[in-house]
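Participant: Fold the following.
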Amino acid sequence: MSRSAGLLIAVPALLLVALVHSAGPVRASEKEVMEDVTVKQGDTVREVSTAWGDVLVEGEVEEYVRSGLGDIRIEGPVGGDVQAGSGDVYINAPIAGDVKVGSGDVELGPEARIEGDVSCGGGRLARAPSAVVLGVERAGISPEFDSVDSGSSFPDTATWALMTLVLAAIAVLATIVVPRPLRAATRNLELSPVRSLVLGLGSLPAAMVLSVLLAITGVGLVLLFLLWPAYLALVFFGLFVTAYFLGRKVVLATGRYRAGDALAAVVGAAIVAAAYQIPILGGAVFAALALVGAGAVFSSLLSRWHSSRPRPTYASYEDYIRDRPDA
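Facilitator: Coordinates of the predicted model:
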């Protein structure tokens with residue numbers, strides 16, 4: 001029993017970290033999903049990452065700089081790696097780590113000093129005569145963005161495997177303990193995916209606005225401490241709604257129509273855990289899956305409330321006509 005309780009505490013904490021990770025810039029770091037990131041001259045941040053935006057570094061970055069689809073321009077020192085998926089990279093400052101670029105071009109300015117390797121997959125590599133590269137220069141070879149040494153690869157793999165097992169165990173438990181709410185929410189996700197997406201993504205700012213309103217009043221402070229645990233629990237359950245939905249799709253696609261809910265839950269949990277490992281976007285995708293599932297839960301509750309409302313009765317047909325909205 002204590003082990004199950006530990007799992008129930010550990011996974012919501014992981015989900016909360018993913019939500020914070022994907023919510024935007026945080027203190028001492030610059031993290032965006034769809035926007036540009038600029039580190040102004042004189043500023044120092046811990047790390048910089050964005051999925052679709054460009055990056056401009058004029059100040060100092062203590063650790064890494066990453067962009068999935070945008071360009072990167074480095075005019076200040078970076079203490080770690082510089083990684084770009086498909087954008088161009090211009091460096092005119094000291095870099096303590098490696099420079100890894102997927103399909104964009106790499107240009108090293110006269111003040112560039114790269115202590116690690118420079119890898120350029122599909123683009124060209126150009127450098128000023130005074131630029132210094134202490135490591136190996138590789139062009140035309142796809143860089144290994146997530147390459148780690150043999151000492152750290154096993155812990156990362158073990159962590160991912162443990163996360164997958166925990167998610168799978170809780171997903172199976174959900175199919176046993178709360179099968180009807182799980183299936184009802186999954187049905188709403190399948191029938192109204194757009195509605196679930198809107199409700200799920202809109203629930204986060206709605207919860208924040210409600211928190212501000214509750215914080216204004218003294219009585220609301222008591223409710224505030226109940227709001228967020230309840231909301232996170234619902235988002236946590238939404239994660240397994242999405243996992244069960246994805247698992248059912250895969251199981252049915254393979255022709256296993258008679259497969260039980262447990263198999264669908266395990267397959268879906270593995271898909272969700274794999275999504276968390278996506279470079280740069282993993283935290284955002286993980287949180288989005290949970291919010292979409294939460295939106296399906298909201299949709300299911302709204303549908304149930306609407307269907308359970310008593311229908312009005314009328315004393316006469318004239319009263320019915322008078323009460324119609326188009327009358």
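
Participant: Tell me where this structure has helices.
Facilitator: According to DSSP state H, the chain carries its helices in the segments 2-22, 150-177, 179-191, 193-216, 218-253, 261-276, 282-308, 317-323.

Participant: what's the closest of these to Gly79?
Facilitator: helix 150-177 (18.1 Å; C-beta to C-beta). C-beta coordinates here come from the backbone N, C-alpha and C atoms, glycine included.

Participant: Report the rounded mean pLDDT for that closest one.
Facilitator: On average, the pLDDT along helix 150-177 is 70.

Participant: swap in stretch 69-89?
Facilitator: Stretch 69-89 comes out with an average pLDDT of 90.

Participant: related to what we said a few turns ago, list just the one of the helices of the chain that sits closest to Gly122.
Facilitator: That would be, of the helices of the chain and by C-beta to C-beta, helix 282-308, which comes in at 23.1 Å.

Participant: Flag every buried residue along that closest one.
Facilitator: 282-301, 303 (16 or more other C-beta atoms under 10 Å).

Participant: Run through the stretch 101-250 of the chain and note the low-pLDDT ranges.
Facilitator: 140-160, 218-221 (pLDDT under 70).

Participant: can you rerun that using 90?
Facilitator: Applying pLDDT under 90 to the stretch 101-250 of the chain picks out residues 101-105, 119-125, 137-236, 238-250.

Participant: want to throw the helices of the chain into JSON lines with distance to Val99?
Facilitator: As requested, those are exported to JSON lines (distance: least, C-beta to C-beta, whole Å):
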{"stretch": "helix 2-22", "distance to Val99": "24"}
{"stretch": "helix 150-177", "distance to Val99": "20"}
{"stretch": "helix 179-191", "distance to Val99": "42"}
{"stretch": "helix 193-216", "distance to Val99": "35"}
{"stretch": "helix 218-253", "distance to Val99": "36"}
{"stretch": "helix 261-276", "distance to Val99": "26"}
{"stretch": "helix 282-308", "distance to Val99": "22"}
{"stretch": "helix 317-323", "distance to Val99": "70"}
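
Participant: I'd like to know which of the ones you listed lies nearest to Ala131.
Facilitator: So among the helices of the chain, helix 150-177 is nearest, using C-beta to C-beta, at 29.8 Å.

Participant: domains of the chain?
Facilitator: 32-139, 150-308 (automatic domain parsing).

Participant: Out of these, which one sits most buried?
Facilitator: Sort the domains of the chain by mean neighbour count, taking mean count of other C-beta atoms under 10 Å, and domain 32-139 sits at the top with a mean of 19.

Participant: can you pull the contacts of Ser299?
Facilitator: 185, 188-189, 192, 195-196, 199 (C-beta atoms under 8 Å, 6 or more residues apart in numbering).

Participant: repeat that with 10 Å
Facilitator: 184-185, 187-189, 191-193, 195-196, 198-200 (C-beta atoms under 10 Å, 6 or more residues apart in numbering).
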